[in-house]
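Undergrad: Need coordinates for the following:
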Amino acid sequence: MTIAPKLRHYLDALDADYELIEHTPTETATQNAAVCHVPPDRVAKAVLLDMPEEYLLAVLPSDRRVGLGDLRSALGQKPRLADEEEVALIFSDCVIGAVPALGFGYGVATIVDDTLEEKPDIYFEGGDHVSLIHMDQAEFARLTRPARHGRFSEPSQ
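TA: The predicted structure is shown next:
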């Protein structure tokens with residue numbers, strides 16, 4: 001797999017300007033950063049949350065974690081981390097652990113951590129463990145414009 005079909009369709013439909021970077025297999029977004037020699041705060045990871053009314057994809061830098069308390073305050077609801085079965089159901093054309101940072105391509109509401117807006121460019125999973133999508137900040141901002149935005153991440157320990 002080089003890029004998940006739904007992701008490719010979404011990017012093509014929006015005439016997105018991006019680069020596909022293939023790399024040796026990895027298991028985490030932080031490992032992607034290391035293998036591709038990219039600062040980990042420029043690699044966006046996606047975490048699927050189950051909310052009372054819908055799923056929500058939280059997008060944040062790979063070197064940070066979701067601050068559930070901060071997210072609860074921002075949303076006014078208590079999110080729960082979705083389990084692997086839920087992730088596999090929604091992101092059916094992706095490998096577990098390689099969810100793309102563009103939830104709208106999968107019909108999932110999205111919230112983007114504001115810390116990503118400070119980066120000149122962004123990398124994120126292409127749907128497998130051997131490819132990254134790379135785009136500049138302006139393009140990432142355009143594609144995530146309909147998303148909610150806020151500060152909900154905290155440094156990983």
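Undergrad: From Tyr123, how far out is Arg80?
TA: 27 Å (Cβ to Cβ, to the nearest Å). Using the backbone N, CA and C atoms, a C-beta is placed for each residue, glycine as well.
Undergrad: So the two - more neighbours on which side?
TA: Higher neighbour count among Arg80 and Tyr123: Tyr123, with 26 against 12, using other Cβ atoms under 10 Å.
Undergrad: how about stretch 41-57: buried residues?
TA: With burial defined by 16 or more other Cβ atoms under 10 Å, the residues of stretch 41-57 counted as buried are Asp41, Arg42, Val43, Ala44, Lys45, Ala46, Val47, Leu48, Leu49, Tyr55, Leu56, Leu57.
Undergrad: Pro25: which of these is nearest?
TA: Val43 (15.6 Å; Cβ to Cβ).
Undergrad: Need the three-state assignment for the spatially most central residue of the chain.
TA: Taking Cα atoms, centre = their mean, the centroid of the chain lies closest to Ala101, which sits 2.3 Å from it. Classification of Ala101 by DSSP: H, G, I helix; E, B strand; the rest coil places it in coil.
Undergrad: how about Ala147, what does it touch?
TA: Applying Cβ atoms under 8 Å, 6 or more residues apart in numbering to Ala147 gives the contacts Val59, Gly103, Phe104, Ala109, Thr110, Ile111, Val112.
Undergrad: do Glu125 as well
TA: Glu125 neighbours (Cβ under 8 Å, 6+ apart): Ala29, Asn32, Lys45, Ala46, Cys94, Ala98, Val99, Pro100, Ala101, Ser131, Leu132, Ile133.
Undergrad: Correct me if wrong: Lys78 contacts Leu56.
TA: No: contact criterion Cβ atoms under 8 Å: Lys78 and Leu56 do not qualify, at 11.7 Å.
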